[in-house]
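K.L.:
take a look and give me a structure for this.
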Amino acid sequence: MTEPARQRSATVPGVLLASGLVALSLLRVAGALAPSGMAWGVGAARDLNPVLGVALLALGLAGAGLGVARLEPLAALPIADAPRRAWPFALAGVLTLLLVVFPDRVRFVGDFVLRLGILESANGFEHIFPQALELDRLLNHALPVRAGALLGVEPLVVLRTMGVLELWLLVGLATRFGRLVSPRESVAAVVAIAIACGGYATLLSGYSKPTPQLALCALAATTLGTEQVRRGSARVPFALAVAAGLALHRGGLPLLLPWAVASALTLRRFGLGAGRARVVNAVALALPLVVLALEARALTAVITTFDTPVNFLPREVQAQGGPLAAAFTPLRLLDDANAMLMHAPLAPLVVLTGFGDWRRAERLLVLAAVLAFLPLVLFVHLPLGPFRDWDALGGEGAVLAVASAWAVADVLARAHRGPGLAPAAAMGAAVPFLTLLLSLTDLPHGFARAERIAAGPPPRSAAQRASLLDWIGLRALNEEQFGRAREAYRRLCLETPIPHALKLWGAAALIDERPAEAQQAFTRLLEGSVDDPVGWYGLWMSAVASGDTLAARRASEHASRWPTDSKQMADVVEFFDHYPRLYAVLRRTLER
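P.N.:
The predicted structure is shown next:
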């Protein structure tokens, strides 16, 4: 190869990386201006105070500009080796501070509001989440409740503490992988930042669901599996990561593919070892299969009884022509792309993998991980909508974050574009992470975002609009914004009059001193659920307040049949305990 050709081959990777970073920054600017329903994964800047949002977009563009600018190399600073290698502690410290100071107050994702609510219920978890595996129940419900009671703190404090510990594990894995794929500390730091600043990390602030832990297992399996295939080490932690994923959630089943690939490649290259190491490695090899055997009955029951009608073949998917047709609709693909960009801000840069030694065996392991989680992205129907259930796609997002970070490391090892390219790549992941994290603290903008997605464009299904309005109503009730909650549930019930929404519409209307509207809600509830005790009590209180003596007498006669120790009265008391302002309404009703 001639010298000019060699120079061009060294220049092209850097040009492509710099161009990709600029394109991603511009995409986030466009996302902040586009309809929220089309760009919900890249438009977080829109969900902030306008000054702050514009400042973060400008920071992202400035960071990308570093990669384009021709900067002179900086003189090496006389820093000792130990402090130079201490950057992981700084990274962990900064991310910990951000998660502690800026916890998720919006709680828009998945079952955040429900999971927090059932921490106060003795048997609510099993009733609402019968599909949960035992490790999920123990780790995300029993542990925070019992530890909180023992320490005298709220369960949410325990969950946020657990999230910090999981964050430190995330940073440790990201650092270990960065140093595995690059001998240069500066490049290893970029890789670690790109992995640690995934959208899944924002879930580590009290979200009591196994999906962020599953994303962590996927990330651990990919990074530790790469180390195992390359060096023959990390066999025990790799097996623990796969086994934990299988025990936590059925979404961990895809981990079996990278486990099988890594195990086959490792055995072919290194065997089982000798002496005591041979026994340990054999146990590690068998561990995921043992866990799978132990969980097989529970997993089979959940998949056949819950997932098939809810996540695989619901009526909405059947109406679109089946799972294959539904997977490749333009809106579904757009939502999938949004979810991946939310989890892995540098995901599109995975195409730069070709500039590295892509034929190495460990690349096959990463490819297997990407392909293993892809069916979940394409074919699993997310009933709340991907814009809310994006946490469920964290496994693929975490694997893509690892793959794209490795691709960036390959380019940085070969590119000759001055010192600006590495910080540009780091900022390309860190700024979107910071923007998303801050947007999750802004509840008023969170309400506005949900309203925009529900209104479209693009048009959403009735079930997805219902999930948005239900979240607005529940979150508003939590914040005692009863007028907002009443209006959200009124709109929901006009389109989808489900019992739970009718009940909450009536309760919010009672507290908001709209008795006629409350009476309408409880009357409609009893038309479909004639024995609902909350419905009869609500109808009695609202009818008394609105002056409808006939309806009040009928409801009072019905409710008076229940003894004070009956199940019906227990249901009424439990509902009132959730919304204590109803007791004030009850007192006013009794005084009339």
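
K.L.:
CA only for contacts and neighbour counts going forward, please
P.N.:
OK.

K.L.:
neighbours around Pro432, how many?
P.N.:
For Pro432, the count of nearby residues is 31 (other C-alpha atoms under 10 Å).

K.L.:
what number of residues are in the vicinity of Arg592?
P.N.:
Count around Arg592 with other C-alpha under 10 Å applied: 7.

K.L.:
contacts only, for it.
P.N.:
Arg592 makes contacts with Val544, as judged by C-alpha atoms under 8 Å, 6 or more residues apart in numbering.

K.L.:
distance of it relative to Leu477?
P.N.:
With distances taken as C-alpha to C-alpha, to the nearest Å, Arg592 is found 26 Å from Leu477.

K.L.:
what's the answer for Phe112, then?
P.N.:
14 Å.

K.L.:
any idea which residue sits dead centre in this structure?
P.N.:
Centroid check for the chain by C-alpha atoms, centre = their mean gives Asp391 as the closest residue, at 2.3 Å.

K.L.:
what is the lengthiest helix in the chain packed up against?
P.N.:
Counting by DSSP state H, the longest helix found in the chain is helix 3-33. Applying 3 or more C-alpha pairs under 8 Å, 6 or more residues apart in numbering; DSSP states H and E, we find helix 3-33 packed against helix 50-68, helix 394-414, helix 421-439.

K.L.:
so where's this structure shaky on pLDDT?
P.N.:
1-10, 71-84, 122-123, 356, 358-359, 416-418 (pLDDT under 70).

K.L.:
ok, now with 50
P.N.:
By pLDDT under 50, the low-scoring segments of the chain are 1, 3, 5, 77.

K.L.:
how does it divide into domains?
P.N.:
3-70+96-441, 445-591 (automatic domain parsing).

K.L.:
need the ones you listed in CSV (columns: distance to Pro88).
P.N.:
CSV is the format used below for these (distance: least, C-alpha to C-alpha, whole Å):
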stretch, distance to Pro88
domain 3-70+96-441, 7
domain 445-591, 32
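
K.L.:
closest to Ala90 out of these?
P.N.:
Within the domains of the chain, the stretch nearest Ala90 is domain 3-70+96-441; the backing value is 9.8 Å (C-alpha to C-alpha).

K.L.:
what number of residues lie near Ala62?
P.N.:
17.

K.L.:
identify the residues contacting it.
P.N.:
Counted by C-alpha under 8 Å, 6+ apart, Ala62 has zero contacts.

K.L.:
for the residue nearest to the centre of the chain, phi and psi?
P.N.:
Asp391 adopts backbone torsions of phi -60, psi -30, taken as degrees, to the nearest 10.

K.L.:
from Phe373, how far off is Leu240?
P.N.:
Taken as C-alpha to C-alpha, the span from Leu240 to Phe373 is 19 Å.

K.L.:
between those two, which is the more surrounded one?
P.N.:
Taking neighbours as other C-alpha under 10 Å, Leu240 and Phe373 compare with Phe373 leading, 23 against 18.

K.L.:
how close does Val585 get to Ala23?
P.N.:
For Val585, the distance to Ala23 - C-alpha to C-alpha - is 56 Å.

K.L.:
ah, wrong one, I meant Ala361
P.N.:
31 Å.

K.L.:
quick one, which of those two is more surrounded?
P.N.:
Counted by other C-alpha under 10 Å, Ala361 and Ala23 do not tie: Ala361 has more neighbours, with 17 against 14.

K.L.:
hmm, back to that, measure the closest residue to the residue nearest to the centre of the chain other than its chain neighbours to Leu203 for me?
P.N.:
Nearest residue to Asp391, sequence neighbours excluded (C-alpha to C-alpha, 6 or more residues apart in numbering): Thr211, at 6.0 Å. The gap separating Thr211 from Leu203 is 9 Å, by C-alpha to C-alpha.

K.L.:
shared neighbours of those two, anything?
P.N.:
Joint contacts of Thr211 and Leu203 (C-alpha under 8 Å, 6+ apart) are Asp391.

K.L.:
which residues in the stretch 401-550 of the chain form helices?
P.N.:
Using DSSP state H, counting those that start in this stretch, the helices of the stretch 401-550 of the chain run over 421-439, 443-455, 462-478, 482-495, 499-511, 515-528, 533-546, 549-559.

K.L.:
please identify the buried residues of the fourth one?
P.N.:
For helix 482-495, the neighbour count (16 or more other C-alpha atoms under 10 Å) marks 482-493 as buried.

K.L.:
most packed of the helices and strands packed on helix 3-33?
P.N.:
For the helices and strands packed on helix 3-33, average neighbour numbers computed from mean count of other C-alpha atoms under 10 Å are highest in helix 394-414, which has a mean of 28.

K.L.:
so how far is it off the chain centroid?
P.N.:
Using C-alpha atoms, centre = their mean, to the nearest Å, the mean C-alpha position of helix 394-414 is found 19 Å from that of the whole chain.

K.L.:
try stretch 260-277
P.N.:
The answer for stretch 260-277 is 34 Å, by C-alpha atoms, centre = their mean.

K.L.:
contact partners of that stretch?
P.N.:
The contact list for stretch 260-277 (C-alpha under 8 Å, 6+ apart) reads 225-226, 228-229, 232, 278, 281-282, 285, 361-362, 364-365, 368.

K.L.:
again, only using 6 Å
P.N.:
Contacts with stretch 260-277, where a contact means C-alpha atoms under 6 Å, 6 or more residues apart in numbering, come from 225, 229, 278.

K.L.:
and it, C-alpha only, in CSV?
P.N.:
The C-alpha trace of stretch 260-277 is given here as CSV (Å, rounded to 0.1, in the frame of the first residue of the first chain):
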residue,chain,number,x,y,z
ALA,A,260,-24.1,-21.3,24.2
VAL,A,261,-21.9,-19.4,21.7
ALA,A,262,-19.4,-18.3,24.4
SER,A,263,-19.3,-21.7,26.0
ALA,A,264,-18.6,-23.5,22.7
LEU,A,265,-15.9,-21.0,21.7
THR,A,266,-14.3,-21.1,25.1
LEU,A,267,-14.3,-24.9,25.4
ARG,A,268,-12.8,-25.1,21.9
ARG,A,269,-10.0,-22.7,22.6
PHE,A,270,-9.3,-23.2,26.3
GLY,A,271,-11.1,-26.4,27.4
LEU,A,272,-12.3,-26.7,31.0
GLY,A,273,-8.8,-26.1,32.5
ALA,A,274,-7.0,-28.3,35.0
GLY,A,275,-7.2,-29.1,38.7
ARG,A,276,-9.5,-27.1,40.9
ALA,A,277,-10.2,-24.7,38.1
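
K.L.:
got the buried residues for it?
P.N.:
Buried residues in stretch 260-277 (16+ other C-alpha under 10 Å): 261-263, 265-266, 272.

K.L.:
and those as TSV, adding distance to Ser186 and secondary structure?
P.N.:
Converted to TSV, the buried residues of stretch 260-277 look like this (distance: C-alpha to C-alpha, whole Å; DSSP: H, G, I helix; E, B strand; the rest coil):
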residue	distance to Ser186	secondary structure
Val261	31	helix
Ala262	28	helix
Ser263	31	helix
Leu265	30	helix
Thr266	29	helix
Leu272	35	coil
